[in-house]
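Colleague: give the three-dimensional model of this entry:
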Amino acid sequence: MKLTGAVLRLGRHEEEPGSRRRRMPKTWAPVSVIEGHVGLVSGVVFSPTGRRLVSTGADRTVRVWDPRSRLCVRTLEGHTEPVSAAAFSPDGDLLASASYDKTVRLWNPKTGRSQRALEGHTRSVEDVAFDASGSLLASASFDGTVRLWDPQTGELLRTLKGHSAEVAGVAFGGSSNLLASASWDRTIRLWDPRSGQELRVLQGHTSLVNSVAFDTSGNLLASASSDGMVRLWDTNTGRCRRVLEGHSDVVTSIAFNYDGSLLASSGSDRTVRLWEPRAGTSLRILKGHGAPVRSVAFSPSGELIASSDLDGMIRLWAVSDAIRLV
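Modeller: Residues are numbered from 1 along each chain as shown. Below is the predicted model:
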């Protein structure tokens with residue numbers, strides 16, 4: 001186990017003039033900033049308990065943080081190229097990481113031991129996701145495919161082909177009977193992960209699609225694009241319900257909170273935006289990053305948002321004004 005320290009800078013909530021203490025301001029400053037990676041931090045994800053925050057970086061490492069103390073408790077090393085994303089199994093016993101080295105690695109997040117490397121992709125692996133049962137692991141690659149694996153054995157179960165360009169994002173619906181993939185061919189594809197059948201092709205974005213996320217019901221899917229838009233889709237009909245406009249540049253990542261009442265998006269405009277997805281309302285603009293924001297994630301309780309940027313910074317934001325971390 002390798003222990004790595006972190007540098008912490010505390011922030012304050014910035015309130016609009018005349019606002020009451022219990023009200024959330026329109027512009028929100030980070031509670032804290034965590035440093036430790038060398039180079040860009042490509043992804044952030046909370047453990048199912050919320051007690052750990054995992055980040056992936058261009059420095060070829062996966063780092064495990066205590067979000068309360070902001071200390072790096074473990075550094076996972078093994079990838080030979082930048083690490084692009086990570087995902088926890090639902091029980092928190094497995095951590096999967098995706099890398100430019102064309103592999104997915106499975107780790108024991110408690111010990112930091114690498115359990116196996118999944119090989120088969122012919123280009124960089126950009127994203128990974130577990131289904132709700134933890135029995136399926138999906139990986140998205142710039143080779144244009146999505147691969148489905150048995151995370152317990154490492155067996156390749158199925159390769160999903162259909163996209164005509166790089167696949168940048170992947171996500172399972174809440175009940176595990178639906179898989180979405182985001183591609184630079186400007187489409188999102190919905191799949192039956194058990195049979196491998198392609199169910200729908202969602203079209204509407206005018207540029208690369210970078211990320212997808214389901215709400216808890218699995219009936220609503222959000223997509224983030226280089227066209228600067230977030231689109232919300234009805235997965236039953238394939239129709240676009242709403243287009244969320246506000247980012248002034250590429251939208252890089254999106255995430256729903258635990259009950260689907262909030263949606264966070266990150267962008268190359270150096271902001272994180274908080275939305276009410278049902279109404280399509282922009283609620284907050286989270287400012288503080290000094291570089292394009294690459295990834296965003298909610299904690300399981302919905303109390304925190306974590307975001308990461310190209311300068312190697314991780315920022316933690318309190319969703320409610322009542323939250324106190326220190």
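Colleague: for the stretch 1-150 of the chain, just list every one of the strands.
Modeller: 7-10, 27-28, 32-35, 41-46, 53-57, 61-66, 71-77, 83-88, 95-99, 103-107, 114-119, 125-130, 137-141, 145-149 (DSSP state E, counting those that start in this stretch).
Colleague: what's the angle from the fourth one to strand 83-88?
Modeller: Here strand 41-46 runs at an angle of 10 degrees relative to strand 83-88 (axes from the mean of the first three to the mean of the last three C-alpha atoms, to 10 degrees).
Colleague: the last one too?
Modeller: An angle of 40 degrees separates the directions of strand 145-149 and strand 83-88 when computed by the same axes, to 10 degrees.
Colleague: adding mean pLDDT, mean neighbour count and distance to Asp309, write the strands of the stretch 1-150 of the chain out as CSV.
Modeller: Quick note: C-beta positions are derived from backbone N, CA and C, even for glycine. Putting these into CSV (pLDDT from 0 to 100; neighbours: other C-beta atoms under 10 Å; distance: least, C-beta to C-beta, whole Å) gives the following:
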stretch, mean pLDDT, mean neighbour count, distance to Asp309
strand 7-10, 31, 12, 14
strand 27-28, 51, 20, 16
strand 32-35, 90, 21, 10
strand 41-46, 98, 26, 7
strand 53-57, 98, 26, 11
strand 61-66, 97, 23, 15
strand 71-77, 96, 19, 17
strand 83-88, 98, 26, 15
strand 95-99, 98, 27, 19
strand 103-107, 98, 23, 24
strand 114-119, 96, 16, 27
strand 125-130, 98, 26, 18
strand 137-141, 98, 27, 22
strand 145-149, 98, 23, 27
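Colleague: using a markdown table, lay out those strands together with distance to Ser299.
Modeller: Output for the strands of the stretch 1-150 of the chain, formatted as a markdown table (distance: least, C-beta to C-beta, whole Å):
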| stretch | distance to Ser299 |
| --- | --- |
| strand 7-10 | 18 |
| strand 27-28 | 15 |
| strand 32-35 | 13 |
| strand 41-46 | 5 |
| strand 53-57 | 8 |
| strand 61-66 | 12 |
| strand 71-77 | 17 |
| strand 83-88 | 12 |
| strand 95-99 | 16 |
| strand 103-107 | 20 |
| strand 114-119 | 25 |
| strand 125-130 | 17 |
| strand 137-141 | 22 |
| strand 145-149 | 27 |
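Colleague: so how far is the strand or helix carrying Ser265 off the chain centroid?
Modeller: Taking DSSP states H and E as the criterion, the element that holds Ser265 is strand 263-267. Taking C-alpha atoms, centre = their mean, to the nearest Å, one finds the center of strand 263-267 at 10 Å from the center of the full chain.
Colleague: and whichever helix or strand comes after that strand, what's buried?
Modeller: Heading C-terminal from strand 263-267, the first helix or strand you meet, by DSSP H and E, is strand 271-276. Buried positions in strand 271-276, judged by neighbour count with 16 or more other C-beta atoms under 10 Å: Thr271, Val272, Arg273, Leu274, Trp275.
Colleague: so which pair among those is furthest apart in space?
Modeller: Thr271 and Trp275 (12.2 Å; C-beta to C-beta).
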